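**Student:** the following block contains a protein sequence and its predicted model.
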Amino acid sequence: MGLRKWNDAMGRLESKENMKQEFNKLQVFTDKKVRWGSYPMFLKLMEKDCEIEAFMFILSTWNFARFRYAMRDFDLETFIKEVKKLAPLFQKIQKEDFKSISFDKYSLEIKQIFNVLANIKGIEKTGASKLMHLKLPGVFVMWDGYIRKAYGYNTGNADEYISFLKKMQKMFSKTKIKSDRTLAKLIDEHNYKKFTMPALAKVREKRQKP
């Protein structure tokens, strides 16, 4: 192996090791429950079979940046019908776990779910991942524009979402956790802290400048 290839290989190994070290510190971070807020209430609504209420709640809070533009003419009845149609697809995956699921095996179901939700005004790419996570919090990881950009995803389409899930699984599936949150949720908290929070801080800083 040439010196350049050796250096490249060592660089990739060091990068992976740094990411593992960061994630191993996640327990300390997640004790603070960053990006927590209304999350327990979302889950309680889901547990009480108030799925649509939970979906509307998360859209109007955690996806407000997009959902606010659709609130006036959001077709609730059509949304309910679309969600019901997706139930059998979710059911196929519901017994799976993030650590062991084959995202390739369920790629058709995941793409169909993602596309139906992402094509609804006010939900779109980011909101789709949030609803999917809320439906199966042990399987789907949420993302947003800042997280997509950080991992090199530009379009945010269904193919990229599956690629993102596979990447998160490869990076973190062997991580041992001690938490009442799912690994998928902990990964979201990790990404939110590492990428979204600094990006939002920069946006606020720019707005405050005269």
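**Tutor:** On my side now, so go ahead. Residues are numbered from 1 along each chain as shown.
**Student:** so who does the one residue sitting closest to the centre of the chain touch?
**Tutor:** The geometric centre of the chain, computed from its C-alpha atoms, lies nearest to Met142 (CA atoms, centre = their mean), at 0.9 Å. Taking CB atoms under 8 Å, 6 or more residues apart in numbering as the contact definition, Met142 lies against 126, 129-130, 133, 188. Just so you know, the C-beta spots here come from the backbone N, C-alpha and C atoms, and that holds for glycine as well.
**Student:** can you flag which of those belong to strands?
**Tutor:** Filtering the contacts of Met142 for membership in strands, criterion DSSP state E, returns an empty set.
**Student:** pick the one among these closest to Ala87.
**Tutor:** Nearest to Ala87 among the contacts of Met142: His133, at 16.2 Å, using CB to CB.
**Student:** check contacts around that closest one.
**Tutor:** For His133, counting by CB under 8 Å, 6+ apart, the contacting residues are 140-142, 184-185, 188.
**Student:** try Ile52
**Tutor:** Ile52 is in contact with 76, 79-80, 83, counting by CB under 8 Å, 6+ apart.
**Student:** from Asn157, how far out is it?
**Tutor:** Distance, Ile52 to Asn157, using CB to CB, to the nearest Å: 26 Å.
**Student:** residues near the closest residue to Leu183 other than its chain neighbours, how many?
**Tutor:** Using CB to CB, 6 or more residues apart in numbering and skipping residues adjacent in sequence, the residue nearest Leu183 is Phe98, 5.1 Å away. In terms of burial, Phe98 registers 23 neighbours under the definition other CB atoms under 10 Å.
**Student:** I'd say Phe98 and Lys166 touch.
**Tutor:** No - with contact taken as CB atoms under 8 Å, Phe98 and Lys166 are classed as non-touching, separated by 10.9 Å.
**Student:** gap between Ala150 and Trp143?
**Tutor:** Going from Ala150 to Trp143 by CB to CB gives 10 Å.
**Student:** and the pLDDT at Lys135?
**Tutor:** Each residue has a pLDDT score; the one for Lys135 is 98.
**Student:** surely it and Gln91 touch.
**Tutor:** No - taking contacts as CB under 8 Å, Lys135 lies outside contact range of Gln91: 10.1 Å.
**Student:** the two: which is more packed in?
**Tutor:** Neighbours were counted for Lys135 and for Gln91 using other CB under 10 Å; Lys135 has more, 22 against 11.
**Student:** now for the host helix or strand of Phe164, which elements pack on it?
**Tutor:** Assessed by DSSP states H and E, Phe164 sits inside helix 158-172. Other elements packing on helix 158-172 under the criterion 3 or more CB pairs under 8 Å, 6 or more residues apart in numbering; DSSP states H and E are helix 3-24, helix 107-118, helix 124-135, helix 183-191.
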